[in-house]
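Peer 1: Okay, predicted coordinates and the sequence, questions at the end:
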2 protein chains.
Amino acid sequence: MEARKRRYALLTDGYLADRHAKTAHGMLRYAQDDVVAIVDARFAGCPLLDVLPALQQSKTAARHRDVTIVPSVADALRFSPTSLLVGVATAGGVLPPHFRAHILEAIDAGLEIVSGLHEFLADDPELVRRAQRSGASLWDVRRPPATIPLFSGAAYDVPQIVVLAVGSDCAVGKKSTMIELAAAARAAGDRAEFIATGQTGIMISGKGIVVDRVISDFVSGAAEQLVLGVEPGAQYALVEGQGSIVHPAYAAVTLGLLYGCAPDMLVLCHQAGRTTVEDFDIRVPSLSVLRETYEALLAPIKPAACVAVALNTDSLSDDQARACIAETKAEMALPADDVVRFGAERLWKAIRDAGRDLTKSAPRTQAAGLSSKAR
Amino acid sequence: MEARKRRYALLTDGYLADRHAKTAHGMLRYAQDDVVAIVDARFAGCPLLDVLPALQQSKTAARHRDVTIVPSVADALRFSPTSLLVGVATAGGVLPPHFRAHILEAIDAGLEIVSGLHEFLADDPELVRRAQRSGASLWDVRRPPATIPLFSGAAYDVPQIVVLAVGSDCAVGKKSTMIELAAAARAAGDRAEFIATGQTGIMISGKGIVVDRVISDFVSGAAEQLVLGVEPGAQYALVEGQGSIVHPAYAAVTLGLLYGCAPDMLVLCHQAGRTTVEDFDIRVPSLSVLRETYEALLAPIKPAACVAVALNTDSLSDDQARACIAETKAEMALPADDVVRFGAERLWKAIRDAGRDLTKSAPRTQAAGLSSKAR
């Protein structure tokens, strides 16, 4: 399966138009392998662009605009998929119960099952038994490597310029921003690698660690391993961000990633119009306060500045989006854009210019010979 | 084993005087059960107070000052222990290789083995086999509960006043401070419960969750469960802190705990004279900056103020310690003390006074009916 390209059927049954289907949306936009069908009885037969008009926005996403939506796995088989991908991210990473029958049907048809949920396919005895019978394989994208070292400080010495996406909330566009920036970098002749830190990013790029699944003591260590593993020829490591420093449930992941990947600069991501943190009655601070918070946390450890603002203007008209971007530029005195909607060339140029002014700082830290964890 | 009191032999072989033996030190100071021997060939025969003069400081710690140090498990058996407790915390939570023979000897003698390391006893086939043969049990204190929910916001509504220890670094006295404060509260007739969040705290108090072992996505959820589980009759929940917001390896745990336990007030803990973060060439910010950082992070979510400073003055003379405390009081305009050395009465009074001024805030957050995690 690793050698040849995958042909994905995405399983979203009932959720395709919903933000829960973020995994499917990410694959439709950016998957390097092919997406050949979507299994969703609720939207079966509808043109994909009617269900997800936002797919029109990204030039990068052009490849998967015409994927057929079918009601069942049996119907999807007509498109010769190699793999059924669980296309949703749910609270707590639990499999929606009605997905089970679809998955069993795909297993029996010999398809690989790909899942980014917390609940692992390979921990489910029935799925494992049926997969053994049919020869289907199970890929739990979220399962971290067996051993992850503690953070050592080695990340401070990587030769690449490390750029991290930080944000105002979950699901504001941190992953899409970094993928679009990586594409713009390549188009400009720069060698930039997208570093996936979440399940969809890994499905898209084929490598990475789902940092929110790592034991909390090792989350900075996992982020460090990711930047240490950047392809040596790359000049830039563009790291997918996670969560938000003001998210009461997920900020631990955000901070572990912020410290662990030791960024040289930050891109601040925000969804225009989002005023409260998802699921919580907590106001999102202003972009200026968010920028200050991220920069202030890094200051005593390894200073890094926010060099651009990436806005997600999905909910706005073109004119409104342009006005919002102009306002943000003025307010923050930083380059700002919606890189999905208007292209990432301008923000990439800003990052490259900021990188030119940057001397990679001398190692600020040294792992002790016998590092201790006396706590 | 749960019903009767344990009689502990502490295994520190070679490390007793070292900060790595923090687990043993915590047990000697505060264990509710008995400590009957210490297995450490390097210090065998030495009076315990010669090896650990700091044990003299705490009134609370009086009970275990005369424990005998022996060279081997065989010698420890003379004191009729029920349990051998691995008394060290190492980098990455790995068992020092030379501890293995001691553990096997204790297993063969039928002792319970208690460990707070990341490396679980029960995942080691040889230890499990030998324990099955002898009937010995294995307690991995660090193993988290099988299921921990995501943070929901329910912690904002607990009736107790939640006090969290935060600090400038690892191993500065966050656990000891909260245990001493809980003892002072009881002495003053107040109903306060110590909430353990680390392995030693759990060994001492008999309950808790080792939050640094929890998957990072669930660390705030674990902290929330701890405060939701406080004994209903308690007026105060005194939560053991973890790590430091400026620690590049462990700050994720610190922040998850900070947001998850939803504190009403903070106690800032610091070791006098510590200027750099352990193992890293990173300057510890001033206490004022640390206080601002913790308070600023909580401000948009659930504001809480730092109400006292707890200093660890181990390295200072009595006069120096008093001067340092006076300086800190003046600099921070907050009550300050070394609660281990000089007693916790004064800081407890400060917390109680601050609690009197505090109206438990209305719920700031509400878990949505179908909470989503679309990321």
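Peer 2: Yep, it's here.
Peer 1: Look at the residue nearest to A:Gln160 when sequence neighbours are not counted and tell me its secondary structure.
Peer 2: Once flanking residues are discounted, A:Gln160 sits nearest to A:Ala237: 4.5 Å by C-beta to C-beta, 6 or more residues apart in numbering or on different chains. The way it works is simple: take the backbone N, C-alpha and C, and place the C-beta from them, glycine included. Assigned with DSSP: H, G, I helix; E, B strand; the rest coil, A:Ala237 falls in the strand class.
Peer 1: what residues are up against A:Ala237?
Peer 2: Counting by C-beta atoms under 8 Å, 6 or more residues apart in numbering or on different chains, A:Ala237 makes contact with A:158, A:160-163, A:192-193, A:195, A:227, A:230, A:261.
Peer 1: Is it possible to get those residues out as JSON lines so that each row also shows neighbour count?
Peer 2: Formatted as JSON lines, these follow (neighbours: other C-beta atoms under 10 Å in any protein chain shown):
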{"residue": "A:Val158", "neighbour count": "20"}
{"residue": "A:Gln160", "neighbour count": "22"}
{"residue": "A:Ile161", "neighbour count": "21"}
{"residue": "A:Val162", "neighbour count": "25"}
{"residue": "A:Val163", "neighbour count": "27"}
{"residue": "A:Ala192", "neighbour count": "25"}
{"residue": "A:Glu193", "neighbour count": "22"}
{"residue": "A:Ile195", "neighbour count": "28"}
{"residue": "A:Val227", "neighbour count": "22"}
{"residue": "A:Val230", "neighbour count": "20"}
{"residue": "A:Cys261", "neighbour count": "28"}
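Peer 1: Tell me the bridge partners for the residue nearest to A:Gln160.
Peer 2: Per DSSP bridges, the residues bridged to A:Ala237 are A:Val162, A:Glu193.
Peer 1: one step back: which pair in the contacts of A:Ala237 spans the largest distance?
Peer 2: Spanning the widest gap among the contacts of A:Ala237 are A:Ala192 and A:Cys261, at 14.6 Å by C-beta to C-beta.
Peer 1: How about the residues of the stretch 201-350 of chain A by chain B?
Peer 2: Where the stretch 201-350 of chain A comes near chain B, counting by C-beta under 8 Å from any C-beta of the partner chain, the residues are A:211-217, A:219-221, A:242-243, A:245-246, A:248-253, A:255-256, A:259-260, A:278-283, A:285, A:289, A:293, A:296-297, A:300-302.
Peer 1: which ones among those residues are found in helices?
Peer 2: A:219-221, A:251-253, A:255-256, A:259-260, A:289, A:293, A:296-297 (DSSP state H).
Peer 1: Top of those by number of neighbours, please.
Peer 2: A:Val219 (38 neighbours; other C-beta atoms under 10 Å in any protein chain shown).
Peer 1: Return the residues in contact with that one.
Peer 2: Counting by C-beta under 8 Å, 6+ apart, A:Val219 has contacts A:211-212, A:252-253, A:256-257, A:260, B:216, B:252.
Peer 1: Can you pull the domain assignment for chain A?
Peer 2: Following automatic domain parsing, one finds the domains of chain A at A:7-140, A:154-356.
Peer 1: now, of those domains, which is deepest in the fold?
Peer 2: The highest mean neighbour count among the domains of chain A, using mean count of other C-beta atoms under 10 Å in any protein chain shown, belongs to domain A:154-356: a mean of 22.
Peer 1: how long is that one from one end to the other?
Peer 2: Chord length of domain A:154-356, first to last residue, is 22 Å (C-alpha to C-alpha, to the nearest Å).
Peer 1: and if you look at stretch A:31-47?
Peer 2: Taking C-alpha to C-alpha, the first and last residues of stretch A:31-47 lie 19 Å apart.
Peer 1: Report the residue spans of the stretch 51-200 of chain A with pLDDT below the cut-off.
Peer 2: A:59-61 (pLDDT under 70).
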